[in-house]
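Q: Sequence and computational prediction follow.
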Amino acid sequence: MTEDLAPINEEDFRQLKERMKLIADADPAQYHNEYSLKRYLRAFKTVDNAFQAILKTNKWRVEYGVANLHENKEIIEKYSNKARVLRHRDIIGRPIVYIPAKNHSSNDRNIDDLTKFIVYCLEDASKKCFEEVVDNLCIVFDLSNFTLSCMDYQVLKNLIWLLSRHYPERLGVCLIINAPTFFSGCWAVIKGWLDENTAGKVTFVNSEMDLCQYLIPDILPTDM
């Protein structure tokens, strides 16, 4: 499997880099490298839209305290069974975020704290990208032993918002494995919140053989 990314207009890319020079002092950590700029251009289509989206992300990162989330040990430990960034990668080198849905209940979470944990995981996974090779992620939702009490639409809305606004084009593929038949009703709701591009990245995997097209099954955790 290889990456099939939309081409970037070189003139748009040059213009966006010029605009970024104007805010260099406001982006001391240089969070937005050339790969980041290309992701924003792919997602937001025009130089103006991409630049405005970058400004909003920069503001959000500061106000949300993204750089310091790793210091919040209490939240990280509390929600550590909800998701994990794996040591191993998928077939084409993407970092993997593994989410065992059976461990979740909408009745046993603080939405603000859990959203911070999600951002922490996205940050951790993004830092593991070999951007020269592949700069997006593989998210695996494992629905084994999934029940309707595990379904949390608000958390998914928050994840979709984060990916679309502040981690654009970071999602490479979303694998849904071990889905029970009744999940089709949940998916009909969730799919309505996704744009066509993102919906196209979601793949239901129905067998271990199919999963092998994306990753080695043995790398998935058995202790969560």
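A: That came in fine, so what should we check first?
Q: distance of the closest residue to residue 33 other than its chain neighbours from residue 91?
A: Take residue 33 and drop its neighbours on the chain: the residue closest to it by CB to CB, 6 or more residues apart in numbering is residue 131, 7.3 Å away. C-beta coordinates here come from the backbone N, C-alpha and C atoms, glycine included. As for residue 131, its distance to residue 91 is 18 Å (criterion: CB to CB, to the nearest Å).
Q: Check whether the residue nearest to residue 33 really touches residue 35, as I assumed.
A: Yes: in this structure residue 131 lies within contact range of residue 35 using CB atoms under 8 Å: 4.4 Å.
Q: Show me where the chain dips below the pLDDT cut-off.
A: 1-4, 25-30 (pLDDT under 70).
Q: and if we set it to 80?
A: Low-confidence regions of the chain, defined here as pLDDT under 80, cover residues 1-6, 24-31.
Q: Now do the strands in the chain.
A: 84-89, 95-100, 137-142, 171-177, 202-205 (DSSP state E).
Q: What is the longest one packed up against?
A: Using 3 or more CB pairs under 8 Å, 6 or more residues apart in numbering; DSSP states H and E as the contact criterion, the neighbours of strand 171-177 among helices and strands are strand 137-142, strand 202-205.
Q: what distance separates it from the middle of the whole chain?
A: Remark: strand 171-177 is offset 9 Å from the chain centroid, using CA atoms, centre = their mean, to the nearest Å.
Q: what angle sits between it and strand 137-142?
A: Between strand 171-177 and strand 137-142, the angle comes out at 10 degrees (axes from the mean of the first three to the mean of the last three CA atoms, to 10 degrees).
Q: With the first one instead?
A: Note on geometry: by the same axes, to 10 degrees, strand 84-89 and strand 137-142 are set 120 degrees apart in direction.
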